[in-house]
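*Asks:* Okay, predicted coordinates and the sequence, questions at the end:
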Amino acid sequence: MKRIAILNGPNLDRLGKREPEIYGRATLADLEAALRKEFAGEAELEFFQSNHEGALIDKIAALAEAKFDGLVINGAAFTHTSVALRDALAGSGLRAVEVHISNIYKREEFRHHSLTAPVCVAVISGLGLEGYHAAVRFLTKA
Ligand code: DQA
């Protein structure tokens with residue numbers, strides 16, 4: 001069975017409460033339950049959320065050491081700012097899919113650039129929480 005990790009960055013712990021007009025009303029726990037339900041028996045899923053850049057980097061290194069099969073990452077605001085997160089992904093050798101709940105290209109200009117996208121296999125932006133499902137589906141098959 002493929003082992004796939006789902007990493008969420010800063011403020012995504014407040015999903016469901018935070019700007020629901022942009023990110024919706026479902027919580028991170030709802031997302032985890034929905035993914036576990038869809039991929040039961042198909043993929044082993046591990047979930048991790050942190051508001052701290054270093055914690056996300058440490059987690060990526062641990063997943064690399066554990067030789068995970070894939071990684072779904074919503075780096076949230078760190079997507080646009082973190083060279084360290086990009087370096088962690090690049091150095092991990094993990095197949096990563098970047099997910100954004102909102103369409104970052106429809107929003108403020110500072111969100112249009114992703115430092116992490118070039119070291120990911122693909123980017124999904126604007127499909128809401130369905131983006132995570134699509135990413136896990138892809139990584140499960142790939
Ligand atoms: C986000 C988009 C980012 O620009 C923002 O900082 C987030 C969430 C998204 O999922 O749409 O926190 O990654």
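*Replies:* Perfect, thanks for sending it.

*Asks:* show me where this protein has helices.
*Replies:* 20-23, 28-38, 53-65, 83-92, 130-141 (DSSP state H).

*Asks:* can you list these in a markdown table and add mean pLDDT and mean neighbour count?
*Replies:* Just so you know, the C-beta spots here come from the backbone N, C-alpha and C atoms, and that holds for glycine as well. Converted to a markdown table, the helices of the chain look like this (pLDDT from 0 to 100; neighbours: other Cβ atoms under 10 Å):
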| stretch | mean pLDDT | mean neighbour count |
| --- | --- | --- |
| helix 20-23 | 95 | 12 |
| helix 28-38 | 98 | 15 |
| helix 53-65 | 98 | 17 |
| helix 83-92 | 98 | 18 |
| helix 130-141 | 97 | 19 |
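
*Asks:* The ligand is nearest to which of these?
*Replies:* The ligand lies closest to helix 20-23 among these, at 6.7 Å (Cβ to the nearest ligand atom).

*Asks:* Does the closest one reach the ligand?
*Replies:* No. Shown here: helix 20-23 not in contact with the ligand (Cβ under 6 Å from any ligand atom), separated by at least 6.7 Å.

*Asks:* which other helices and strands contact that helix?
*Replies:* Applying 3 or more Cβ pairs under 8 Å, 6 or more residues apart in numbering; DSSP states H and E, we find helix 20-23 packed against no helix or strand.

*Asks:* Can you tell me what sits against it?
*Replies:* With contact meaning Cβ atoms under 8 Å, 6 or more residues apart in numbering, helix 20-23 is reached by 15, 16, 101, 102.

*Asks:* Kindly identify which of those residues also come near the ligand.
*Replies:* Restricting these to those near the ligand - Cβ under 6 Å from any ligand atom - leaves 101, 102.

*Asks:* Just the buried ones from the contacts of helix 20-23, in ChimeraX syntax?
*Replies:* A single ChimeraX command selects the buried members of the contacts of helix 20-23 (16 or more other Cβ atoms under 10 Å):
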select :15,101,102
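
*Asks:* Taking the contacts of helix 20-23 together, which two end up most distant?
*Replies:* Maximum pairwise distance among these (Cβ to Cβ): 14.5 Å, between 16 and 102.
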